[in-house]
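**Q** Have a look at this prediction, sequence included:
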Amino acid sequence: MAVKALTSLVVRARSLEWNVLHKGSEKQAPPSAHQAELDPGENRKTILEGLDTEQERLVGEIRAKCGSLPPPISIGIPASWVLLRIAELPAGSPDELKSMTELQVDKFSPFPVDESAVSYELLHEHEGHCRLLLSAIRTDVINKLAEALRAAGLQPKWVDVNVLGWWRLLKDAGEVKPAGSQIFVILDESACDIIVATAGIPVALRSLSGMEDIPPEEMDEEIARETVYTLSSLDLEGPGPQPAEISIWHRGEPPAGLIARFAAPFSMVATPRSLESLPPLSEGLLRRAESRAEGTLNLAPAAWEAAENAKRDRRRMIASTLLVAGLWLGGMAILFGGIQFQKQRLTALEKELTALKVPAENVRAIRDRAEELRKYMDRSRSGLECLREVSDRLPPGIELDSFNYHKSKTLEMAGVADTYATITDFKKDLEKSDLFTTTELTRTRRVPRGEEFKIICTLPGGGPP
């Protein structure tokens, strides 16, 4: 799922630096760094130490100075907090490399692996082997920092190391050469990071902290001595790199004393370079977070991801529940709304029917009277016309005793015939008449005079009287 923003947060000994990248807009604003100094407290050298005694005050200070930073947040911590070692291992899948990393860390870590957050950075892979930066930090240390950040309203997702942010900036600035060996000494506030690289790939990392507590001369000597020790350890492990150049990255005035210290052991000139010529450290970590993939170091404890997944599952479950409830309520609203609408419609139609009932009855009465008048005026089916039709069709041998005419309805005839066949012939002949719609022989019986009968003829639109 694409994120709309990305934040990097650099944690130094006494300060925080952050950078926010907003995504998804056509005119994407470039990231800009912000920094805030924090007071770790009396007799406390770092923010981490201050959290032991003054967490509530520091949380309030972080909240006030950082404000609300959009997630996800990648935090960078000083390399001096982390156990770091570069190792050559057989190439493998990410799961295999993770298992090998845990085995290697267990060999040099002073604390158990199950109490640590362990990760690796894939530095280089070639011919079935890979160079990894192995890293470990106590879980309680990183959790203490994360707890304070969460209390301040910040939600860390990944844990990076500051020295890797500097390495990314050096590479992007073209300071890392693809051939030869280089030593980068990075002086950032009270921290000193040393990177030894060969053919553009780190072969050793060292970090010093607490430099502000010792005199400048001793600090210079300590940095030079640590650099010599690092190169000596590489010589013991194999043919050590012959440094082609030493660059000292600093803030403010060039460290003349340190430059002089490097000239003695190496018989080489150390070149001072200003950190102000590089983008802020937070931007280096932001670039790493933006291009994060398998093999990118992440010291966030596994419990963070589990908690985030559980929280995401809860949100999805709540969203699904709300969706189902919304659909159900919507369905009920439509159902009851439809019923209510039908009731209102029925009521309206009943009122309309009631209003039309009297006019309809009046129209019906007028129509009936008109029909009666039409029938009265229609002489084509009058009693005389019926008598004429019957007389024309009356065969010999039949004598009519009665002739009852019901206006526009029926004609009833009764009489006596010589034979039954004469009656049926008479009936069939009447059926051929256009004056009658139906002809019914209702009864016959034998009498001394002959066959007595009764015939009912129905006129158009008529029926029983």
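**A** Looks like it arrived, so ask away.

**Q** Only C-alpha atoms from now on, for both contacts and neighbour counts.
**A** Noted.

**Q** would you put the C-alpha positions of stretch 431-443 in CSV?
**A** C-alpha atoms of stretch 431-443 as CSV (Å, rounded to 0.1, in the frame of the first residue of the first chain):
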residue,chain,number,x,y,z
GLU,A,431,-81.1,-18.5,-32.9
LYS,A,432,-80.4,-17.3,-36.4
SER,A,433,-82.1,-14.0,-35.7
ASP,A,434,-79.8,-10.9,-35.2
LEU,A,435,-82.4,-9.6,-32.7
PHE,A,436,-81.5,-12.1,-30.0
THR,A,437,-78.1,-13.0,-28.5
THR,A,438,-79.3,-16.3,-26.9
THR,A,439,-82.3,-18.5,-27.2
GLU,A,440,-83.1,-21.0,-24.4
LEU,A,441,-85.8,-23.8,-24.4
THR,A,442,-86.5,-23.8,-20.7
ARG,A,443,-89.1,-26.5,-20.5
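
**Q** Packing partners of the host helix or strand of residue 426?
**A** Counting by DSSP states H and E, the element that carries residue 426 is helix 420-431. Packing contacts for helix 420-431, counted by 3 or more C-alpha pairs under 8 Å, 6 or more residues apart in numbering; DSSP states H and E, involve helix 383-393, strand 438-447, strand 450-458.

**Q** what about the strands in the stretch 301-450 of the chain?
**A** 398-406, 410-417, 438-447, 450-458 (DSSP state E, counting those that start in this stretch).

**Q** Check which helices and strands the helix or strand hosting residue 220 sits against.
**A** Take DSSP H and E as the rule and residue 220 turns out to sit in helix 216-237. Contacts defined by 3+ C-alpha pairs under 8 Å, 6+ apart place helix 216-237 against strand 201-208, helix 256-266.

**Q** picking that back up, so the helix holding residue 426 versus strand 450-458, what angle?
**A** Note on geometry: by axes from the mean of the first three to the mean of the last three C-alpha atoms, to 10 degrees, helix 420-431 and strand 450-458 are set 10 degrees apart in direction.

**Q** quick one: buried residues of helix 420-431?
**A** Within helix 420-431, the residues that qualify as buried are 420, 422, 423, 426, 427, 430, 431, counting by 16 or more other C-alpha atoms under 10 Å.

**Q** Just confirm residue 10 contacts residue 73, I think it does.
**A** No - between residue 10 and residue 73 there is no contact under C-alpha atoms under 8 Å: 10.3 Å.

**Q** Run through the helices of the stretch 1-150 of the chain in chain order.
**A** All helices of the stretch 1-150 of the chain, identified by DSSP state H, counting those that start in this stretch, fall at 47-53, 55-66, 94-108, 139-151.

**Q** and residue 250, how many neighbours?
**A** Residue 250 has 19 neighbours, counted by other C-alpha atoms under 10 Å.

**Q** Could you do residue 317 as well?
**A** By other C-alpha under 10 Å, neighbour count at residue 317 equals 12.

**Q** What of residue 175?
**A** Considering only other C-alpha under 10 Å, residue 175 is surrounded by 14 other residues.

**Q** Can you tell me how far it is from residue 67?
**A** In this view, residue 175 and residue 67 are 35 Å apart by C-alpha to C-alpha, to the nearest Å.

**Q** Also residue 330?
**A** Separation of residue 330 from residue 67 (C-alpha to C-alpha): 40 Å.

**Q** ok, back up a step: mean neighbour count and mean pLDDT added to the strands of the stretch 301-450 of the chain, as TSV?
**A** Below are the strands of the stretch 301-450 of the chain laid out as TSV (neighbours: other C-alpha atoms under 10 Å; pLDDT from 0 to 100):
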stretch	mean neighbour count	mean pLDDT
strand 398-406	15	90
strand 410-417	20	92
strand 438-447	14	90
strand 450-458	20	92
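
**Q** Centre of the chain to the helix of greatest length in the chain, how far?
**A** When the chain is parsed with DSSP state H, its longest helix is helix 302-377. Here the centre of helix 302-377 is set off from its chain's centre by 34 Å, with C-alpha atoms, centre = their mean, to the nearest Å.

**Q** quick check: angle from that helix to helix 139-151?
**A** Using the same axes, to 10 degrees, the direction of helix 302-377 lies 40 degrees away from that of helix 139-151.

**Q** which residues does the residue lying closest to residue 192 once chain neighbours are set aside contact?
**A** In this structure, residue 192 finds its nearest non-sequential neighbour in residue 208, 5.0 Å apart by C-alpha to C-alpha, 6 or more residues apart in numbering. Shown in contact with residue 208 (C-alpha atoms under 8 Å, 6 or more residues apart in numbering): 80, 191, 192, 193, 223.

**Q** Tell me if the third one really is in a strand.
**A** Just to be clear, that refers to residue 192. Yes - assessed by DSSP: H, G, I helix; E, B strand; the rest coil, residue 192 belongs to a strand.

**Q** Next, the closest residue to residue 460 other than its chain neighbours: phi, psi?
**A** Excluding the flanking residues, the one nearest residue 460 by C-alpha to C-alpha, 6+ apart is residue 437, at 5.7 Å. Main-chain torsions, residue 437, degrees, to the nearest 10: phi -90, psi -40.
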